[in-house]
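Engineer: Got a predicted structure plus its sequence, pasted below:
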Amino acid sequence: MIELGLPTRQPMTGLPDRVTIWEVGARDGLQNESAVIPASVKIELINRLAAAGLPVVEATSFVRPEWVPQLADATEVMAQLPKDSGTRFPVLVPNLRGLEKARAAGATEIAVFASATESFARKNLNRTLENQMEMFGPVIEAAAEQGIPVRGYVSMCFGDPWEGSVDPQTVVDVCRQLMMAGCASLSLGDTIGVATPGQIKNIVSLLRTADVDVGAIGVHFHDTYGQALANTLAALESGVTTVDSSAGGLGGCPYAKSATGNLATEDLVWMLDGLGVTTGVDLAALVQTSAWLAEILGRSSPSRVVRAMIG
């Protein structure tokens, strides 16, 4: 049997030379775990991810502990982030109080979480689609005054479990609101993993027409229907150069019973390596990290590349 190593490289035209992988496993991935993961494991995970060459590792979230008990140790985790690794460590904050806590813990980048649908805004943010910016605007403004870049997550961009299809123009409107408020970048979320490549190309085209800088756009795909890599390729062909993913495919979607979680970073790196797109990520080190974490969690990794290379 041939031992699997690295993919054969065969570049395609029309793709970026380099892609920034925005690793979300330590925050978005672990927050859905029912059993509380010790801070020491989270810190080890973040160290391993940085050592594997991930340029961005979203470290944690400064939400109220009763909302997300898994991330109640945010301050402890931030205190032990690797120094001088060259990796950026943004954190998610829900409000001004969260921003204050994040800054006190040493955060230099933050993210806020918005919705593209009325139902999700009400259920997840306790806001309406129309007034959700009242929650984020002061945070973005305060961060800008302190020179802190803000990323705006936009959830339910391609489908909503309560509303079904999502109007692309609503997505564009929310994105424009976030950028006009002062966000430095965006992340378009396929929260329940229902998007297909044509939708991706359409929404990026609409954002470009609306004068949203494509260089500021990132994509965040779930692999519920096995479309995450196809959607990623469509985004890259549209000029997007930032892709969110989660080591080992950690994470899931509580709104779709069949959801299989975030796009696995290993699967993304395998594809990009094969396309000759530079990421700076050591695939072997990343696979070993996800295998280590899967053993701690007591289950096999959802990542196809991890399963293929580790067995």
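Structural biologist: Received it, and whenever you're ready, just let me know what you need.
Engineer: mind checking the SS state of Val240?
Structural biologist: The three-state label given to Val240 by DSSP: H, G, I helix; E, B strand; the rest coil is coil.
Engineer: That one is in contact with Val219, isn't it?
Structural biologist: Yes. Between Val240 and Val219 there is a contact under CB atoms under 8 Å: 5.7 Å. All C-beta atoms are positioned from the backbone trio N, CA, C, and that covers glycine.
Engineer: Got phi/psi on Ile21?
Structural biologist: Torsion angles at Ile21 (phi, psi; degrees, to the nearest 10) stand at phi -90, psi 120.
Engineer: Tell me what it is bridged to.
Structural biologist: When bridges are called by DSSP bridges, Ile21 pairs up with Val243.
Engineer: now the strands for the protein?
Structural biologist: Chain-ordered strands for the chain, with DSSP state E as the definition, fall at 20-23, 56-57, 60-61, 91-92, 110-115, 150-155, 185-190, 217-221, 242-245.
Engineer: Quick one: list the elements packing against the third one.
Structural biologist: Translated: strand 60-61. Applying 3 or more CB pairs under 8 Å, 6 or more residues apart in numbering; DSSP states H and E, one finds that strand 60-61 contacts helix 74-79, strand 91-92.
Engineer: Pick the most buried one from the ones you listed.
Structural biologist: Among the helices and strands packed on strand 60-61, strand 91-92 has the highest mean neighbour count (mean count of other CB atoms under 10 Å), at a mean of 26.
Engineer: same for that one, what does it pack against?
Structural biologist: If you count contacts as 3+ CB pairs under 8 Å, 6+ apart, strand 91-92 packs onto strand 60-61, strand 110-115.
Engineer: Check the offset of that strand from the chain's centre.
Structural biologist: Here the centre of strand 91-92 is set off from its chain's centre by 11 Å, with CA atoms, centre = their mean, to the nearest Å.
Engineer: Repeat that for stretch 41-57.
Structural biologist: Counting by CA atoms, centre = their mean, stretch 41-57 comes out at 15 Å from the chain centroid.
Engineer: give me every residue that touches Val194.
Structural biologist: The contact partners of Val194, by CB atoms under 8 Å, 6 or more residues apart in numbering, come to 158-159, 224-225, 227.
Engineer: Most neighbours among these, which one?
Structural biologist: For the contacts of Val194, neighbours were counted by other CB atoms under 10 Å; the highest total belongs to Phe158, with 26 neighbours.
Engineer: surely it meets Pro197?
Structural biologist: No. Here Phe158 lies out of contact with Pro197, judged by CB under 8 Å, at a distance of 10.9 Å.
Engineer: Quick one: the helices in this structure, in order.
Structural biologist: Chain-ordered helices for the chain, with DSSP state H as the definition, fall at 39-51, 74-79, 96-104, 118-120, 133-145, 168-181, 197-209, 228-237, 265-274, 283-297, 304-310.
Engineer: Let me have those in a markdown table, extended by distance to Ala247 and mean pLDDT.
Structural biologist: As requested, these are arranged in a markdown table below (distance: least, CB to CB, whole Å; pLDDT from 0 to 100):
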| stretch | distance to Ala247 | mean pLDDT |
| --- | --- | --- |
| helix 39-51 | 6 | 97 |
| helix 74-79 | 16 | 97 |
| helix 96-104 | 22 | 96 |
| helix 118-120 | 26 | 95 |
| helix 133-145 | 27 | 95 |
| helix 168-181 | 27 | 97 |
| helix 197-209 | 23 | 98 |
| helix 228-237 | 14 | 98 |
| helix 265-274 | 5 | 98 |
| helix 283-297 | 5 | 95 |
| helix 304-310 | 9 | 92 |
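Engineer: about what we covered before: format the strands of the chain as JSON lines; extra columns: mean pLDDT and distance to Pro82.
Structural biologist: Shown next, in JSON lines, are those (pLDDT from 0 to 100; distance: least, CB to CB, whole Å):
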{"stretch": "strand 20-23", "mean pLDDT": "98", "distance to Pro82": "13"}
{"stretch": "strand 56-57", "mean pLDDT": "98", "distance to Pro82": "9"}
{"stretch": "strand 60-61", "mean pLDDT": "96", "distance to Pro82": "14"}
{"stretch": "strand 91-92", "mean pLDDT": "98", "distance to Pro82": "15"}
{"stretch": "strand 110-115", "mean pLDDT": "97", "distance to Pro82": "19"}
{"stretch": "strand 150-155", "mean pLDDT": "98", "distance to Pro82": "21"}
{"stretch": "strand 185-190", "mean pLDDT": "98", "distance to Pro82": "23"}
{"stretch": "strand 217-221", "mean pLDDT": "98", "distance to Pro82": "23"}
{"stretch": "strand 242-245", "mean pLDDT": "98", "distance to Pro82": "20"}
